[in-house]
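Undergrad: just coords:
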């Protein structure tokens, strides 16, 4: 492969493929054209038109069909983006169910609580509160899109600032951060939970005590029954000679 081939600018098809692959939501034809207009010097030739975009999409899909690829570009919600073919739905559903099983660990919940109540907050601040390294937990929360980087602190080293996301609100069924329980409410919930635990422990102890007393009473009844048996030591044939 020559240097000229490597340095050649991407084609319209290649750019469209990259855009539809990377977008989180469908891109309309107008949005695609606006993106191209921002980079008029990209070497893609004449100004892009809706017809040219649709022709490129058709060419790409024919290529994917010929190669029996598991995906194609679809028209949805007024725009275009990549989607997996319907025949793979069962496997995708299994994958989503498997992902749903992965509950947040205690350390992840603790870190998430610190970020939710202290945001924007830096990693050193999180670690100072929790007393442990937060690298792995933060990476996990970022991958699950429960937290995001919201900027840099105006302190030496300019550490990253972390905050919660819309997915965090959806995960916990909140409309906004104002619905987070207040510290006083958390203390009340913890106190109530502690009370329930203590009450259950007392009930278990009481049940055990009753079981023991019942066993003792049954033993005493058996002893009393033996004491009430007639003394046969003086009877004929009884006792020792």
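TA: Cool, the structure landed. What you see is a predicted model; the values in this text were computed from it and never measured.

Undergrad: Next, the contact list for the most centrally placed residue in the chain, please.
TA: With distances taken as Cα atoms, centre = their mean, residue 144 lies nearest the centre of the chain, 5.4 Å away. Listed by Cβ atoms under 8 Å, 6 or more residues apart in numbering, the contact partners of residue 144 are residue 167. C-betas here are computed from N, CA, C, even on glycine.

Undergrad: Now it. Its backbone dihedrals?
TA: phi -90, psi 0 (degrees, to the nearest 10).

Undergrad: now swap in residue 61 and tell me
TA: phi -70, psi -40.

Undergrad: and it, how far is that from residue 80?
TA: 10 Å (Cβ to Cβ, to the nearest Å).

Undergrad: Just the buried positions in the stretch of helix or strand residue 14 belongs to, please.
TA: Assigned by DSSP states H and E, residue 14 belongs to helix 12-22. By 16 or more other Cβ atoms under 10 Å, the buried positions in helix 12-22 come out as 12, 13, 15, 16, 17, 19, 20.

Undergrad: Same check on stretch 160-171?
TA: Buried residues in stretch 160-171 (16+ other Cβ under 10 Å): 161, 162, 163, 164, 165, 168, 169.

Undergrad: same question, stretch 174-183
TA: Going by 16+ other Cβ under 10 Å, stretch 174-183 has these buried residues: residue 180.

Undergrad: now do stretch 91-109
TA: 104, 108.

Undergrad: how far out from the middle of the chain is it?
TA: Centroid separation for stretch 91-109 versus its chain: 6 Å, with Cα atoms, centre = their mean, to the nearest Å.

Undergrad: Ok, stretch 81-98 next?
TA: Counting by Cα atoms, centre = their mean, stretch 81-98 comes out at 18 Å from the chain centroid.

Undergrad: do stretch 10-21 as well
TA: For stretch 10-21, the distance to the chain centre is 31 Å (Cα atoms, centre = their mean).

Undergrad: And stretch 66-80, by the same measure?
TA: On Cα atoms, centre = their mean, the centre of stretch 66-80 falls 28 Å from that of its chain.

Undergrad: Let's see the distance spanning that stretch from one end to the other.
TA: Chord length of stretch 66-80, first to last residue, is 20 Å (Cα to Cα, to the nearest Å).

Undergrad: What average pLDDT does that stretch get?
TA: The pLDDT scores in stretch 66-80 average 92.

Undergrad: quick one: buried residues of it?
TA: Applying 16+ other Cβ under 10 Å to stretch 66-80 flags 72, 73, 74, 79, 80 as buried.

Undergrad: mind giving me the domain ranges of this structure?
TA: What the record gives for the chain is the domain set 3-86, 106-179, from automatic domain parsing.

Undergrad: So which of those domains is nearest residue 209?
TA: Shortest distance between residue 209 and the domains of the chain, using Cβ to Cβ, is found for domain 106-179: 33.9 Å.

Undergrad: mind checking the end-to-end distance for the closest one?
TA: Terminal-residue distance, domain 106-179 (Cα to Cα): 22 Å.

Undergrad: What residues does residue 151 make contact with?
TA: Residue 151 touches 120, 160, 161, counting by Cβ under 8 Å, 6+ apart.

Undergrad: so the first one sits right up against residue 161, yeah?
TA: Yes - under the contact definition of Cβ atoms under 8 Å, residue 120 touches residue 161, with a separation of 3.8 Å.

Undergrad: what's the overlap in contacts for these two?
TA: What both residue 120 and residue 161 touch, as defined by Cβ under 8 Å, 6+ apart, is the set 150, 151, 153.

Undergrad: got the contact list for stretch 96-113?
TA: Contacts for stretch 96-113 (Cβ under 8 Å, 6+ apart): 126, 130, 132, 134, 137, 138, 140, 141, 146, 147, 164, 168.

Undergrad: I appreciate the help and will end here.
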